[in-house]
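Engineer: Return a 3D structure for these sequence lines:
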Amino acid sequence: MGTAGARTDEVAGERRQLINIAYRLLGSLAESEDAVQEAYTRWYALAPARRDEVAAPGAWLTTVTGRICLDVLGSARARRERYVGSWLPDPLRDPLPGPAGRDRDGGADPADLMVLDESVTMAFLVVLESMTPAERVAVVLHDVFRYPFAEIADVLGRTPAACKQLAASGRRRLREERAPVTAAGRGDVVRQVKEAWETRDIAALVGLLDPAAVLTADGGGLTSAVLRPVEGGARIAAYMAAIADRAPGLELLERSVNGTPGLVARSGGTVLTVASLEIADGRVTRLWVVRNPEKLRPWLHDA
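Structural biologist: Modelled structure (predicted):
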């Protein structure tokens, strides 16, 4: 293979990394794919001589993708103020093998390129939403992907010292807003929640929910969902039981959601809800419930 062919493969091979960066910055698979596609469009729009001058195409693509995501984040705040109800990041399923994991163009579906780790948990992404766009870029690129502040400065158009300060302020938000999470036994608690939900055992649900638990639902105005967070274990338990009563034949499945144990509700083979749970000291402290059908498209193949 010639030098040009090797360089083309090198550039194409950056897609996984770029999708992973963009999703952590934007929380949306569709917007992430659009951002990465735009970065590639700009790359191939360069004159061949200009592309040859770029010593590290991966770094160039990361910088451009970061800048595009920064612009999207700036406009997203205004869009989300008009969003019906609460906005939550797209829930991630485990990668699918074979043809099911291909997009309409035959390439890998963005959901199947995701590396599932602590930085894509719903808890982490929700806190990222509370940061300024610049803080979010600094934290994700430096703390998650280990890019030096000198390179992040090119994305943000600021000095490396300023980028370091942005990352520090973002970390403070993470420390202040994230509660201690217990990883051990998380799957057991999720299983118990599933069983109590299926049997409409409100007393058992209340026992599994922290008294100060909060449930946030995202229907996007496209399906029924509470518009404001439901607070308190007893109120959440009653809400969950009411959902089950209104949906006869609802099937609950234990599934990995954003890399941690979660629940999927489906009816007639159609996924209606994907729930991510945060657990501390053996009790559920947060529930993030995504019902927006546009965000559930990657789950259509769930079995």
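
Engineer: Flag every buried residue along the longest helix seen in the chain.
Structural biologist: Longest helix of the chain, by residue count under DSSP state H: helix 57-81. By 16 or more other CB atoms under 10 Å, the buried positions in helix 57-81 come out as 57, 60-70, 72-73, 76. Quick note: C-beta positions are derived from backbone N, CA and C, even for glycine.

Engineer: burial measure for the residue lying closest to residue 85 once chain neighbours are set aside, as a count.
Structural biologist: Once flanking residues are discounted, residue 85 sits nearest to residue 227: 4.2 Å by CB to CB, 6 or more residues apart in numbering. Around residue 227 there are 10 other residues, counting by other CB atoms under 10 Å.

Engineer: For residue 227, give me the pLDDT.
Structural biologist: On the pLDDT scale, residue 227 is placed at 93.

Engineer: Which residues are in contact with it?
Structural biologist: 84-86 (CB atoms under 8 Å, 6 or more residues apart in numbering).

Engineer: In ChimeraX, select just the buried ones from those residues.
Structural biologist: Selection of buried members from those for ChimeraX, criterion 16+ other CB under 10 Å:
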select :85,86
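
Engineer: quick check, residue 211 in a strand?
Structural biologist: Yes. The assignment for residue 211 (DSSP: H, G, I helix; E, B strand; the rest coil) places it in a strand.

Engineer: was I right about it contacting residue 235?
Structural biologist: No. Judged on CB atoms under 8 Å, residue 211 makes no contact with residue 235 at a distance of 10.4 Å.

Engineer: more crowded one of those two?
Structural biologist: Taking other CB under 10 Å, residue 211 and residue 235 do not tie; residue 235 has more neighbours (15 against 11).

Engineer: Now do the buried residues in the helix or strand hosting the more buried one.
Structural biologist: Taking DSSP states H and E as the criterion, residue 235 maps to helix 233-246. In terms of neighbour count (16+ other CB under 10 Å), helix 233-246 has its buried residues at 233, 236-237, 239-241, 243.

Engineer: Next: stretch 290-303.
Structural biologist: 290-293, 295-296, 298-299, 302.
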